[in-house]
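> Predicted model and sequence below, questions to follow.
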Amino acid sequence: MTEIPYRIRRSDRARRVRVTVDAVEGVEVVLPRRARERDAEAAMRELRPWVEKRLRALDRAREEAGAPPGHVPYVGEHLRLVPEAGRTRVHRKGDALLVPARDPLPALERWYRRAAKIEIAPRVEQAVAEAGADYERLRIAGQRTRWGSCSSTGTLSFNWRLLLAPEPVLDYVVWHEVCHLRVPDHSKRFWRMVERYRPGYREEERWLRRYGSALVLPA
């Protein structure tokens with residue numbers, strides 16, 4: 001039987017062994033600080049059917065939502081990757097991304113983070129103007145489990161990986177967080193406000209639930 005690769009992370013907050021499967025981090029076993037490494041092996045043996053099912057689901061989602069080989073998604077487009085020897089930064093030229101020939105992933109992520117600010121900032125400005133809201137600042141992050149957040153002080157945070165999703169999904173997340181500037185909870189009033197500005201938000205939310213885990217850059 002083929003072994004499933006996984007990594008172990010110890011946590012002072014963990015009270016029990018936990019196994020997670022993530023498109024970014026892969027398979028991870030979280031152990032309480034004093035747990036034994038063989039506890040991770042036991043958990044993987046016990047949960048192997050679930051882990052395999054989860055990995056297959058991620059593969060299907062990548063296939064359905066991803067870009068053709070040699071391309072990356074960008075707000076509904078597919079940009080062609082063009083490796084260039086000696087290059088250290090990513091540069092867009094039409095529908096092509098000029099990337100470092102060796103290990104392009106770090107430079108590619110940095111480019112997406114910069115592009116996220118450019119794509120998201122005007123969307124936020126338009127949304128807050130329409131909603132009659134105010135915000136303190138805009139932050140681009142790389143959260144593992146969140147696409148966006150709105151702090152009590154008015155900071156709006158968005159995951160740069162949203163640029164790997166179709167444009168309507170990006171717009172929905174922007175509106176979701178902007179509505180939180182007016183209504184901080186997920187009450188009926190909040191969802192009525194979201195629906196007012198994004199009538200098709202349910203479809204966009206379903207897309208994100210189904211394919212969000214697959215929104216990663218190719219290794």
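Good, I have the coordinates.

> and the closest residue to Val183 other than its chain neighbours, what element?
Leaving aside its chain neighbours, Val183 sits nearest to Phe190 (4.1 Å; criterion: CB to CB, 6 or more residues apart in numbering). The way it works is simple: take the backbone N, C-alpha and C, and place the C-beta from them, glycine included. When elements are assigned from DSSP states H and E, Phe190 belongs to helix 188-197.

> who's in contact with the residue most central in space within the chain?
Per CA atoms, centre = their mean, the C-alpha nearest to the average position across the chain is that of Arg161, at 4.3 Å. Residues counted as contacts of Arg161 (CB atoms under 8 Å, 6 or more residues apart in numbering) are 112, 142, 147, 215-216.

> before we move on, back to that, which outside residues touch the helix holding Phe190?
Outside helix 188-197, the residues that reach it (CB under 8 Å, 6+ apart) are 127, 130-131, 175-176, 179-180, 182-183, 201.

> Is it possible to mark the buried ones in the residues you listed?
127, 131, 175-176, 179-180, 183, 201 (16 or more other CB atoms under 10 Å).

> Let me have these in TSV, extended by distance to Trp50, pLDDT and secondary structure.
As requested, the buried ones among the contacts of helix 188-197 are exported to TSV (distance: CB to CB, whole Å; pLDDT from 0 to 100; DSSP: H, G, I helix; E, B strand; the rest coil):
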residue	distance to Trp50	pLDDT	secondary structure
Ala127	39	97	helix
Ala131	41	95	helix
Trp175	34	97	helix
His176	30	97	helix
Cys179	35	97	helix
His180	33	97	helix
Val183	36	96	coil
Tyr201	31	95	helix
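
> nearest to Ile120, of those residues?
The closest of the buried ones among the contacts of helix 188-197 to Ile120 turns out to be Ala127 (CB to CB; 10.1 Å).

> Read off the pLDDT value for the residue nearest to Val183.
In this model, Phe190 is scored at 97, pLDDT.

> Go through the contacts of helix 188-197 and name the one nearest Glu46.
His176 (36.8 Å).

> Confirm for me that the closest one is in contact with Gly148.
Yes: with contact defined as CB atoms under 8 Å, His176 counts as touching Gly148 (6.4 Å).
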